[in-house]
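**Q** What follows is a protein structure lacking sequence information:
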């Protein structure tokens with residue numbers, strides 16, 4: 001097997017002897033269910049092996065291809081052809097995972113039309129370098145794809161020509177991505193999707209701008225949105241989610257976005273089951289959330305509220321200074337507002353989660 005299956009070589013090598021010959025089919029089934037190939041060359045060799053024994057390829061349900069090289073190899077036609085041969089010999093694959101320096105070299109039109117990508121429901125891609133938006137341009141050639149996980153940052157490509165994305169991407173229901181979606185062309189990517197789950201981790205992106213670019217289909221079908229950013233610019237969300245008719249789970253981890261009264265009012269018509277917010281370390285944030293809970297704007301479906309922020313403990317402000325009493329008073333006020341929010345959750349039959357609930361537990365144990 002040319003070292004392709006080092007981890008399970010004793011189970012499938014033609015020269016090895018299994019404990020019991022009657023167990024050999026089961027050993028092969030388990031050994032080949034998930035296969036990791038450690039280089040492009042070994043993956044090319046896999047194609048040759050499967051050509052002579054096609055029954056082995058039907059046993060593989062997950063294929064992971066890892067290459068730490070610096071790319072450029074796929075410009076060699078014979079290597080691309082051998083990759084096509086290997087993927088074409090894997091008709092029952094559910095998950096394809098690719099880790100390489102140049103993702104675009106692997107996800108070519110020829111490769112994306114192979115049996116593996118026609119059957120795969122999940123695609124996971126990662127790279128040592130930022131991934132260019134153009135690497136995703138052929139996803140529509142994988143008709144069964146439901147989940148796309150991109151675990152490396154996307155490359156910022158200002159002024160990139162438009163029209164990179166085309167075709168029907170409606171099969172993709174879950175997208176998890178590390179991105180800086182500044183370029184208009186990448187924002188256009190969202191117009192082709194009909195997502196049910198979106199997880200977006202970004203450094204500086206403005207969520208309200210991303211929401212603007214989401215197509216009408218995603219606005220109707222999205223059930224879960226997780227957004228986190230480390231940006232520090234103040235962005236107002238206001239009525240950003242008004243047209244998201246199916247949104248049940250909303251998580252916003254951001255110290256930059258301002259949760260205004262308009263934002264809370266916009267949540268009223270949504271079928272929200274859970275709401276999780278990471279807010280600024282200031283007391284008005286807690287006050288605004290309690291007002292939302294006690295008002296008619298709280299969705300009747302809301303069952304869980306997560307609040308993550310650092311409360312000002314009196315013990316942290318106990319150093320004798322001229323304004324020591326004022327700082328201790330601020331700490332007591334923060335505790336009072338946290339307890340008041342907890343009471344509002346009890347009245348509304350909403351479960352309180354997150355760091356604030358943990359802080360309240362610490363307060364009770366002091």
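**A** All right, it came through fine. This structure is a prediction, so every number in the text was calculated from the model and none was measured.
**Q** all contacts plus neighbour counts: C-alpha atoms, from now on.
**A** OK.
**Q** host element of residue 194?
**A** Using DSSP states H and E, residue 194 falls within no helix or strand.
**Q** Just list the residues touching the closest residue to it other than its chain neighbours, thanks.
**A** Of all residues not flanking residue 194 in the chain, residue 218 sits nearest, at 4.4 Å (C-alpha to C-alpha, 6 or more residues apart in numbering). Residues counted as contacts of residue 218 (C-alpha atoms under 8 Å, 6 or more residues apart in numbering) are 193, 194, 195, 196, 244.
**Q** So which of these is the closest to residue 41?
**A** residue 193 (34.6 Å; C-alpha to C-alpha).
**Q** The closest one touches residue 169, doesn't it?
**A** Yes: if you go by C-alpha atoms under 8 Å, residue 193 and residue 169 touch, sitting 5.4 Å apart.
**Q** possible to save the contacts of residue 218 as JSON lines with distance to residue 114, pLDDT and neighbour count?
**A** Converted to JSON lines, these look like this (distance: C-alpha to C-alpha, whole Å; pLDDT from 0 to 100; neighbours: other C-alpha atoms under 10 Å):
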{"residue": "193", "distance to residue 114": "22", "pLDDT": "84", "neighbour count": "23"}
{"residue": "194", "distance to residue 114": "24", "pLDDT": "87", "neighbour count": "23"}
{"residue": "195", "distance to residue 114": "24", "pLDDT": "91", "neighbour count": "27"}
{"residue": "196", "distance to residue 114": "26", "pLDDT": "95", "neighbour count": "21"}
{"residue": "244", "distance to residue 114": "36", "pLDDT": "92", "neighbour count": "21"}
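**Q** My guess is residue 177 contacts residue 201. True?
**A** Yes: the criterion here is C-alpha under 8 Å, and residue 177 meets it with residue 201 at 6.4 Å.
**Q** where does the stretch 251-366 of the chain have low pLDDT?
**A** Low-confidence segments of the stretch 251-366 of the chain, defined by pLDDT under 70: 279-283, 310-334.
**Q** In three-state terms, how would the residue nearest to residue 194 be classified?
**A** helix (DSSP: H, G, I helix; E, B strand; the rest coil).
**Q** how about the strands of this structure, start to end?
**A** 34-37, 62-66, 95-99, 122-126, 147-153, 174-178, 197-202, 224-229, 235-236, 249-253, 257-258, 274-278, 304-308, 351-353 (DSSP state E).
**Q** Pairing partners for the third one, with directions?
**A** Spelled out, it's strand 95-99. strand 62-66 (parallel), strand 122-126 (parallel) (DSSP bridges).
**Q** Let's have the ones you listed in TSV, adding distance to residue 254.
**A** Shown next, in TSV, are the strands paired with strand 95-99 (distance: least, C-alpha to C-alpha, whole Å):
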stretch	distance to residue 254
strand 62-66	34
strand 122-126	25
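**Q** Adding mean pLDDT, write the ones you listed out as TSV.
**A** Shown next, in TSV, are the strands paired with strand 95-99 (pLDDT from 0 to 100):
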stretch	mean pLDDT
strand 62-66	92
strand 122-126	94
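**Q** Kindly reformat those strands as a markdown table and extend each row with distance to residue 360 and mean neighbour count.
**A** Formatted as a markdown table, the strands paired with strand 95-99 follow (distance: least, C-alpha to C-alpha, whole Å; neighbours: other C-alpha atoms under 10 Å):
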| stretch | distance to residue 360 | mean neighbour count |
| --- | --- | --- |
| strand 62-66 | 44 | 19 |
| strand 122-126 | 39 | 19 |
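**Q** Would you agree residue 304 is in contact with residue 352?
**A** Yes: here residue 304 reaches residue 352: they are 6.1 Å apart, a contact under C-alpha under 8 Å.
**Q** who's more crowded, those two?
**A** residue 352 (22 against 17; other C-alpha atoms under 10 Å).
**Q** who's the more buried one bridged to?
**A** residue 305.
**Q** what's the spacing between it and residue 217?
**A** 32 Å (C-alpha to C-alpha, to the nearest Å).
**Q** now swap in residue 277 and tell me
**A** Counting by C-alpha to C-alpha - residue 277 and residue 217 are separated by 25 Å.
**Q** who's more crowded, these two?
**A** Comparing residue 277 with residue 217 by other C-alpha under 10 Å, the one with more neighbours is residue 277, at 22 against 17.
**Q** residues in contact with that one?
**A** So residue 277 contacts 251, 252, 253, 254, 306, 307, 308 (C-alpha under 8 Å, 6+ apart).
**Q** In CSV: these, plus neighbour count.
**A** Output for the contacts of residue 277, formatted as CSV (neighbours: other C-alpha atoms under 10 Å):
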residue, neighbour count
251, 19
252, 19
253, 18
254, 21
306, 19
307, 22
308, 19
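**Q** how about the residues you listed, which pair is most distant?
**A** 254 and 306 (13.4 Å).
**Q** about what we covered before: where's the residue nearest to residue 194 relative to residue 210, distance?
**A** 12 Å.
**Q** for stretch 81-89, the distance to its chain's centre please.
**A** Taking C-alpha atoms, centre = their mean, to the nearest Å, the mean C-alpha location of stretch 81-89 is offset from the chain mean by 28 Å.
**Q** Kindly apply the preceding question to stretch 196-212 instead.
**A** The answer for stretch 196-212 is 11 Å, by C-alpha atoms, centre = their mean.
**Q** what's the span of that stretch, first residue to last?
**A** 17 Å.
**Q** So which bits of that stretch are buried?
**A** 196-202, 204-208, 210-211 (16 or more other C-alpha atoms under 10 Å).
**Q** residues near residue 363, how many?
**A** 12.
**Q** for residue 151, same thing?
**A** 17.
**Q** for residue 358, same thing?
**A** Neighbour tally, residue 358, other C-alpha under 10 Å: 12.
**Q** So which residues make contact with stretch 104-124?
**A** Residues outside stretch 104-124 that contact it (C-alpha under 8 Å, 6+ apart): 71-72, 74-75, 80, 83-84, 87-98, 132, 134-136, 138-139, 141-151.
**Q** Many thanks, have a good one.
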